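K.L.:
when you get a sec, could you give me coordinates for this:
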Amino acid sequence: MPRVEAPTLSLVLAGAVLTASLAAACGAQTTPLPACEWCGTAEAPDSLASTVTIAGEAEPGERLVIEGVVYEPDGETPADDVILYLYHTNAEGVYPKRGDEKGNARRHGYLRGWLRTGADGRYEVRTIRPGNYPGRDAAQHIHVTVQEPDGTPEYWIPSFKFADDPLLDADPGAPNVVRPERGSDGVWRAERDIVLPPREDDLTALCVDTARSRVAWRGTERVGSGHAGTVDLAHGRLRLRDGAVVGGAFTVDMQTIAITDIPAREVEARRTLRRHLAHEEFFGVDRFPTARLVLTDVVPLGAAAYRVTGDLAIRDSVHAVTFHAAAPVVTDTLVRATAALDFDRYRWGIDFDGLTSALRNALVDPMIQLRLRLVATGATCADIASGGNTPSPPSDTGTRRVNGGGSSGADLPAASGATGPGIR
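P.N.:
Okay, here's the model as predicted:
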């Protein structure tokens, strides 16, 4: 057997120099990403105006100007000193990066900006029309989050969408859907007034007891019975007003996906399926460790039944879902509820890839079934160890109630380097 030579000192030093150089070049990429995937107001420059230019003249695309007024919750008083953070794709539908991004620019790209309203509440955004995600049926959209001056945690509101977009996935009459008109100068112009959510003084917040709550999932196959399992809730809240559920927000820890239909003794079979579900072509839990459901409308149907609409965020896509729930116990200190939610995985970009993708997609039913059992109590989230430090959007009080329209179907930010399917 030939003898393996030990590395010489020169090779060791060369390797050390190369490693240091790579570390210096990629240092920004080794810094942990912000815990909040969609936040950005904390990264705003010190000096802000009520007008922001996101895309300069050198950025390819059709020029777009959006303006409007931000109002207090009464819908009449202009909101002063409110920060809006906006970001979107380029004309090709990609969140573009230059390579030197920091913070959430590593997710959102360089087409982002901030503005601060004045006493008249007015704002103006100058940019380009965002492109649709390549190869996906996601509508054009501009993400927007809000930071109020009273210290309320940053929250997101329904993305700007466009009534003339053939892929529009929202009610054309919804307040977040603008109607752009093209001027003789070739610039698209649109208007949107924003009404801030009501203060939470009259709301009761109950925190989900994750130890007593459960999310079960089932995926079926056209040949065979499919598979089933569970996934854990990381944290969540329900909002009540006058003894009725009016909103809520829940975060699911996708890294806890478990298999229940395969016997525990079949360790390798369980491990293989778990690895497949966590893989990039399905839930991609390494890049997208959480999923979220934000309730945007809760309609009582009588006899403890509700029709619920919400924005479901999985991977880097968010789409509106409507489902039915039952809440036989609703008090100011305790809610017990169950819900059944089915969704089409294709809409969230969950499908097979590669040479055999067509065959595998044909064998696996696109619908995924979720069955939720929720217990929420008057204890603080810290008391019940709900965990997580990503802020929940205050818009969980119900965007329909706030903005006078239906569910937003808003999109959330794609992870760094992703083109994003229906996000964000």
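K.L.:
pull up the pairing partners for the host helix or strand of Thr145, direction included.
P.N.:
Assigned by DSSP states H and E, Thr145 belongs to strand 142-147. As defined by DSSP bridges, the strand partners of strand 142-147 come to strand 83-88 (antiparallel), strand 155-162 (antiparallel).
K.L.:
first-to-last residue distance for stretch 322-341?
P.N.:
This stretch, stretch 322-341, spans 8 Å end to end (Cα to Cα, to the nearest Å).
K.L.:
list the contacts of the strand holding Thr145.
P.N.:
Contact partners of strand 142-147, identified using Cβ atoms under 8 Å, 6 or more residues apart in numbering, comprise 38-41, 44, 66, 82-88, 108, 125, 127, 130, 154-157, 159-160, 194, 196, 410-413, 423-424. In this view, the C-beta of every residue, glycine as well, is placed from N, C-alpha and C.
K.L.:
what's the least confident stretch among the strands paired with strand 142-147?
P.N.:
Lowest mean pLDDT within the strands paired with strand 142-147: strand 155-162, a mean of 90.
K.L.:
which helix or strand lies directly C-terminal to that strand?
P.N.:
Defined by DSSP H and E, the subsequent element after strand 155-162 is strand 177-178.
K.L.:
need the contact partners of that next one.
P.N.:
With Cβ under 8 Å, 6+ apart, strand 177-178 has contacts from Ile66, Phe160, Lys161, Phe162, Ala163, Leu168, Ala170, Asp171, Ala190, Glu191, Arg192.
K.L.:
just to revisit the earlier point, JSON lines for the strands paired with strand 142-147, including mean neighbour count and distance to Ile257?
P.N.:
JSON lines is the format used below for the strands paired with strand 142-147 (neighbours: other Cβ atoms under 10 Å; distance: least, Cβ to Cβ, whole Å):
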{"stretch": "strand 83-88", "mean neighbour count": "24", "distance to Ile257": "29"}
{"stretch": "strand 155-162", "mean neighbour count": "26", "distance to Ile257": "26"}
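K.L.:
just send those back as CSV, with distance to Ile54 too.
P.N.:
Output for these, formatted as CSV (distance: least, Cβ to Cβ, whole Å):
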stretch, distance to Ile54
strand 83-88, 7
strand 155-162, 12
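K.L.:
and the closest residue to Val69 other than its chain neighbours, how far is that from Asp193?
P.N.:
Leaving aside its sequence neighbours, Val69 sits nearest to Gly121 (Cβ to Cβ, 6 or more residues apart in numbering; 4.5 Å). Note on Gly121: its distance to Asp193, by Cβ to Cβ, to the nearest Å, is 9 Å.
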